[in-house]
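Chemist: coords please:
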Amino acid sequence: MLRLLLWLFLLVLPLRAAMAGDCPAALDFQVRPLASARAESLCERYAGKVLLVVNTASRCGFTPQYEGLETLYRHYRDRGLVVLGFPSNDFAQEPEGEEKIQNFCQASYGVGFPMYEKIRVSGPDAHPFYRQLAAQGGGYPEWNFYKYLVDRKGAVVARLPSQVRPDDPRLIEAIEKLL
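Modeler: Sure thing, here's the model as predicted:
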């Protein structure tokens, strides 16, 4: 019995190491789901998926994009797209706490795509995940609802300004090519 356990351990150890090495640098971060206490690994949840990462705010002229982001998520999620929302007050339009943000998103726009902790998304105090996105994508968000499109290998393939709506044909075409 001991031999069997030792053999299983030796068999599983290299597999675990290989799996850990499969995490793209862009996803090698722990973040908390919105209004929760425990962080989770972006890598474990989203490696191999196409991601549209968006910094959001509840009191912005672009806030109605929540509806389009949710539509996009529902339409493409079965093919491997995940929309990730990160509330931020970097542009002074998200003063609320996380529970209020969560309630607002669900009640006002039916948001079901993953939303994460309220973070800094630009400058020297930006969350490390956003520093990585900015390094790969050519810069930090310049306003709310900036979008980073990330391929299945974890590479940022596009950084899109707030004015690019979720139903923009260019965005749809880029997503479809990655799926």
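Chemist: Same question for Val157, what's its three-state structure.
Modeler: strand (DSSP: H, G, I helix; E, B strand; the rest coil).
Chemist: ditto for Ser108
Modeler: Secondary structure for Ser108, judged by three-state DSSP, is helix.
Chemist: That one - nearest residue in space that isn't next to it in sequence?
Modeler: Closest residue to Ser108 apart from its sequence neighbours, by C-beta to C-beta, 6 or more residues apart in numbering: Tyr66 at 7.3 Å. For the C-beta atoms, the positions are set from N, CA and C on the backbone; glycine is no exception.
Chemist: Whichever strand or helix holds that neighbour - contacts with which helices or strands?
Modeler: Tyr66 belongs to helix 65-76 when elements are defined using DSSP states H and E. Counting contacts by 3 or more C-beta pairs under 8 Å, 6 or more residues apart in numbering; DSSP states H and E, helix 65-76 packs against strand 50-56, strand 81-87, helix 98-109, helix 169-178.
Chemist: Would you mark the buried spots in that helix?
Modeler: Under the neighbour-count criterion of 16 or more other C-beta atoms under 10 Å, helix 65-76 has Gln65, Tyr66, Gly68, Leu69, Glu70, Leu72, Tyr73, Tyr76 buried.
Chemist: Just the closest of these to Leu42, please.
Modeler: Tyr73 (16.3 Å; C-beta to C-beta).
Chemist: give the contact list for that closest one.
Modeler: By C-beta atoms under 8 Å, 6 or more residues apart in numbering, the contact set of Tyr73 is Leu81, Val82, Val83, Gly112, Phe113.
Chemist: about what we covered before: tell me which of the helices and strands packed on helix 65-76 lies nearest to Arg152.
Modeler: Of the helices and strands packed on helix 65-76, nearest to Arg152 by C-beta to C-beta is strand 50-56, at 5.9 Å.
Chemist: any residues touching that closest one, and which ones?
Modeler: Under C-beta under 8 Å, 6+ apart, the answer for strand 50-56 is 63, 65-66, 69, 72, 76, 80-88, 90, 94, 105, 115, 121, 130, 133, 141, 144-152, 175, 178-179.
Chemist: does the residue nearest to Ser108 really touch Val111, like I thought?
Modeler: Yes. Using C-beta atoms under 8 Å, Tyr66 is in contact with Val111, at 5.7 Å.
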